[in-house]
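>>> Attaching a predicted model along with its sequence, questions to come.
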Amino acid sequence: MTHEQLSYGAHARGLFRLGVPLIGSFVAGFAIHMTDTIMLGWYSVTSLAASTIAGSLWFIVFILGAGFGQAVMPLVAEAGASGDDVRVRRVTRMAMWLSLIYFAIVIPVFWWSETVLLWAGQTPEVAALGQQYLRIAGFGMAPGLLIAVFRSYLSGQHLTGVQLWVTLLGVVLNAFVNYALIFGNWGAPELGIQGAAIASVSVQLFTMLFLAGYAQIKLPHFHLFQRIWRSDWPIFWHVFRLGVPIGLTSLAESGLFVASSAMMGWIGEIELAAHGIALQLVSLMFMFHIGMSQAATIRAGAAFGKRNIDDLRHGARMAYVISASFGLLCVVLFLAFPSPLISLFIDPTEPARDELITIGTTLLIVAALFQMADLTQIVSLSLLRGIQDMTVPMWIAAFSYWVLAIPFSYLMAFTFGFGPEGLWLGLTLGLAVAALLLTWRFWSEARRLA
């Protein structure tokens with residue numbers, strides 16, 4: 001079979017058309033998190049600490065279950081490219097089923113989370129407040145997981161613009177509800193950390209309903225919600241087999257940064273604060289790569305569905321080039337302006353300001369080292385998802401992050417005495433190894449498919 005081959009310019013335009021709205025939606029989502037942090041910080045330091053640790057627990061549980069939603073993107077892109085509309089509906093429905101089943105399994109973790117937080121070494125006051133937060137925020141897990149399904153469903157149909165607009169509306173809604181319920185403004189009750197949890201659930205419900213309604217109106221011919229109670233066990237288990245490795249892969253990477261924060265806390269409070277500031281900057285820049293890599297998944301899935309391996313390879317090369325170009329810009333920023341960037345997050349009257357800037361500046365310089373590795377691993381991983389290769393990447397992530405990066409971080413930071421910089425060098429090693437192995441895996445699979 002022969003296929004018309006797209007030019008590199010066409011691949012670039014396609015990636016930007018899909019990726020730019022996704023990048024915007026991820027940045028807007030980042031703004032929602034920042035709003036929560038700022039307002040709870042104004043309200044109470046203890047509430048901020050409790051929401052931070054509770055939010056980390058929520059995210060770890062969520063990222064595992066979100067694998068079912070993320071599995072929809074390459075499957076829908078493949079089915080759409082091959083003209084199989086029925087399979088698009090079947091895949092999305094069963095991902096919704098799996099997401100709700102997962103929610104029912106994990107909700108007890110949030111309801112009795114005080115025990116988990118105490119076991120993690122939190123103070124009784126922080127653990128109690130964290131449970132108050134999670135007993136409300138935990139119910140946002142169901143709409144949150146369904147949002148992941150609807151995002152992937154719409155992205156697989158090349159409908160990414162709506163995701164930016166609904167997230168921007170979510171930023172506004174979150175700010176209003178937080179301001180009203182955390183502080184008791186406009187006649188609302190003062191609920192503190194519980195008000196922040198209600199705001200989060202409100203935004204998740206609004207986003208889920210908006211995306212579901214948009215999907216029904218924009219794509220009525222798929223009949224997504226018609227007889228939604230009907231089982232489809234072959235597709236159910238297929239989505240399960242793809243979704244579990246995706247969730248575990250994401251958990252391995254997220255867990256790496258959670259573990260790094262825990263180890264940084266062993267070094268000292270100021271070091272942990274500088275670590276958190278540097279991670280905020282790195283994470284904000286990483287939103288570009290997440291958006292573009294999801295665009296790469298969609299286009300790889302479409303090429304895979306058409307069995308057009310030339311387009312798959314050419315599109316992959318362009319995805320690497322676009323992400324690498326932005327990565328080089330980040331490297332220049334981190335190397336040229338580390339102190340001004342770090343100082344943006346520090347109160348001018350903070351007594352430890354100079355020490356925070358010194359440590360944070362050093363960490364940003366190390367971050368410049370792993371920028372290229374980090375963008376390469378996420379692009380390679382996303383391309384592999386596009387061709388539905390999930391299991392081997394999961395083992396690569398587990399090996400790179402938990403067998404290599406975590407032990408090496410510990411040795412460099414504590415055994416060899418390099419402190420915060422040594423810990424981040426361990427992160428660099430893990431990301432570099434993951435980048436090499438995942439890139440090798442993708443091109444090996446591309447050759448095999450050819």
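Structure's in. What do you need?
>>> my guess is A434 meets I396, correct?
Yes. Counting by CB atoms under 8 Å, A434 touches I396, with 6.1 Å between them. C-beta: built from backbone N, CA, C; applies to glycine.
>>> With neighbour numbers in mind, choose between these two.
Neighbours of A434 and I396, each counted by other CB atoms under 10 Å, are more numerous for A434; the result is 30 against 24.
>>> For burial, what's the neighbour tally of the nearest residue to that one once chain neighbours are set aside?
Excluding the flanking residues, the one nearest A434 by CB to CB, 6 or more residues apart in numbering is S400, at 3.7 Å. By other CB under 10 Å, the residues close to S400 number 24.
>>> Repeat that for L384.
Counted with other CB under 10 Å, the neighbours of L384 add up to 24.
>>> Need the three-state assignment for it.
At L384 the chain is in helix, as set by DSSP: H, G, I helix; E, B strand; the rest coil.
>>> what sits against it?
Each residue near L384 by CB atoms under 8 Å, 6 or more residues apart in numbering is listed here: 390, 392-393, 438, 441-442, 445.
>>> taking the residues you listed one by one, which sit in helices?
392-393, 438, 441-442, 445 (DSSP state H).
>>> Which single one of those residues is nearest to W112?
P393 (33.6 Å; CB to CB).
>>> Now do the same contact list for that closest one.
245, 249, 381, 384-385, 438, 441.
>>> Surely S25 touches Q163?
Yes. Judged on CB under 8 Å, S25 makes contact with Q163 at a distance of 4.4 Å.
>>> Just the buried ones from the ones in helices among the contacts of L384?
Among those, the ones that count as buried by 16 or more other CB atoms under 10 Å are 393, 438, 441-442, 445.
>>> Could you dump those into JSON lines with pLDDT and distance to L427 added?
Listed next are these as JSON lines, based on pLDDT from 0 to 100; distance: CB to CB, whole Å:
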{"residue": "P393", "pLDDT": "95", "distance to L427": "19"}
{"residue": "L438", "pLDDT": "97", "distance to L427": "16"}
{"residue": "R441", "pLDDT": "97", "distance to L427": "21"}
{"residue": "F442", "pLDDT": "96", "distance to L427": "22"}
{"residue": "E445", "pLDDT": "93", "distance to L427": "27"}
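>>> What distance do you get for L411 to M390?
Look at L411 and M390: by CB to CB, to the nearest Å, they are 31 Å apart.
>>> how close does L224 sit to P351?
For L224, the distance to P351 - CB to CB - is 56 Å.
>>> quick one, which of those two is more surrounded?
Taking other CB under 10 Å, L224 and P351 do not tie; L224 has more neighbours (18 against 8).
>>> sec struct for the more buried one, please.
In three-state terms, and counting by three-state DSSP, L224 is coil.
>>> same question, R230
Following three-state DSSP, we place R230 in the coil state.
>>> What sits closest to it if chain neighbours are left out?
Spatial nearest neighbour of R230, excluding adjacent residues (CB to CB, 6+ apart): R93 at 8.0 Å.
>>> which parts of the one helix or strand that neighbour maps to are buried?
Following DSSP states H and E, one finds R93 within helix 85-111. By neighbour count on 16+ other CB under 10 Å, the buried set for helix 85-111 is 87-100, 102-103, 106-107, 109-110.
>>> okay, the residue nearest to R230: pLDDT?
Predicted confidence (pLDDT) for R93: 95.
>>> That one contacts S231, correct?
No. Here R93 lies out of contact with S231, judged by CB under 8 Å, at a distance of 9.3 Å.
>>> quick check: domain ranges of the chain?
Listed by automatic domain parsing, the domain ranges of the chain are 21-231, 245-450.
>>> Need those in a markdown table (columns: distance to S7).
A markdown table is the format used below for the domains of the chain (distance: least, CB to CB, whole Å):
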| stretch | distance to S7 |
| --- | --- |
| domain 21-231 | 19 |
| domain 245-450 | 8 |
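>>> Next secondary structure after the helix or strand where P245 lies?
Element membership for P245 (DSSP H and E) is helix 233-267. Past helix 233-267, further along toward the C-terminus, the next helix or strand under DSSP H and E is helix 269-306.
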